[in-house]
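> Coordinates for the following, if possible.
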Amino acid sequence: MDPFLKLSQNSASRKLIQSLRLPIPLPQTLRRERSGWRARLLDDGRVAVGSAPNPQLTHQIAQTLAPSGARVLWSGPAALGRSFEAAAEAWAEPVTTLAQEDKAPPNEVHALLFDATGLDSPEQLAAVYEFFAPRVKALSSGGRVVVFSRPATSPLPETNAARQALEGFTRSLAKELGRRGSTANLVSVEQGAEERIAGPLR
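Take a look at the predicted model:
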């Protein structure tokens, strides 16, 4: 094992190095699969899910998370939350619907998912901020952030501007979270490719 990784796993030495501001890299220990294949990849993982107006992947996200064992915290409209409840019933997985005014999940979460496929104007970017601002602090070390969008190929310039802004947002968030061993990814989904999101989402 890398000596710096060993050092970073000792909380006392980590605090000492940080307090002395020594230029020693202290990488986060990443969660890795111990086996080659697991049916329920997200067993007991808490995943907070939200959306911009008119999301188009809610059903596919629900159908992927439920058999993967994720415990979903839905913070969008209650009507859309029924997609997660219906999918979860078959797998006996709990779904918690958070009121949209809730500032953050009640416990640490392992992933944040945001469906921005319905985004069509810069004004709607407020929904992105409202979802992530109170929840990023609840993301565990080594957590995952996934933002779904459509390609910036619309004939409407304001729609393309909003979608391109998502790319900049995701890059900035990835830099901020990288120190904690977490990642942020933007997944651009073409019309007609909705059924193919299961692989990248898992």
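> Hmm, Ala86 and Thr58 touching each other?
No - the pair Thr58 / Ala86 is not scored as a contact, 11.1 Å apart, by Cβ atoms under 8 Å. Every residue, glycine included, has its C-beta placed from N, CA and C.
> Comparing those two, which shows the higher neighbour count?
The neighbour comparison of Thr58 against Ala86 (other Cβ atoms under 10 Å) goes to Thr58, with 22 against 14.
> Next up, the contacts around Val189.
Applying Cβ atoms under 8 Å, 6 or more residues apart in numbering, we find Val189 in contact with Leu57, Thr117, Phe148, Ser149, Arg150, Arg196, Ile197.
> Look up the pLDDT of it for me, please.
Predicted confidence (pLDDT) for Val189: 92.
> distance of it from Val146?
The gap separating Val189 from Val146 is 11 Å, by Cβ to Cβ, to the nearest Å.
> what do you get for Arg180?
On the measure of Cβ to Cβ, Arg180 and Val146 end up 16 Å apart.
> Comparing these two, which residue is more hemmed in?
Set Arg180 next to Val146 and count neighbours by other Cβ under 10 Å: Val146 wins out with 21 against 13.
> who's in contact with the lengthiest helix in the chain?
Secondary structure of the chain read by DSSP state H shows that its longest helix is helix 157-178. Identification of contacts with helix 157-178 by Cβ under 8 Å, 6+ apart yields 116, 119-122, 124-125, 128, 132, 136, 139, 143, 145, 147, 149-154, 183-186.
> again, 6 Å this time
Ala116, Leu119, Asp120, Ser121, Pro122, Leu125, Val147, Ser149, Ala152, Ser154, Ala184, Leu186 (Cβ atoms under 6 Å, 6 or more residues apart in numbering).
> quick one: which of these has the most company?
Result: Ala116 is most packed of the contacts of helix 157-178 (other Cβ under 10 Å), 28 neighbours.
> Hmm, Pro53 and it touching each other?
No - using Cβ atoms under 6 Å, Ala116 is not in contact with Pro53; the gap is 9.6 Å.
> Flag the shaky bits of the chain, pLDDT-wise.
For the chain, applying pLDDT under 70 flags the ranges 1-11, 13-14, 16-18, 20-44, 90-94, 97-106.
> Settle this for me: Val47 is touching Ala70, isn't it.
Yes - Val47 lies in contact with Ala70 (Cβ under 6 Å); the separation is 4.5 Å.
> which strand is the longest one in the chain?
In the chain, taking DSSP state E as the definition, the longest strand is strand 139-149.
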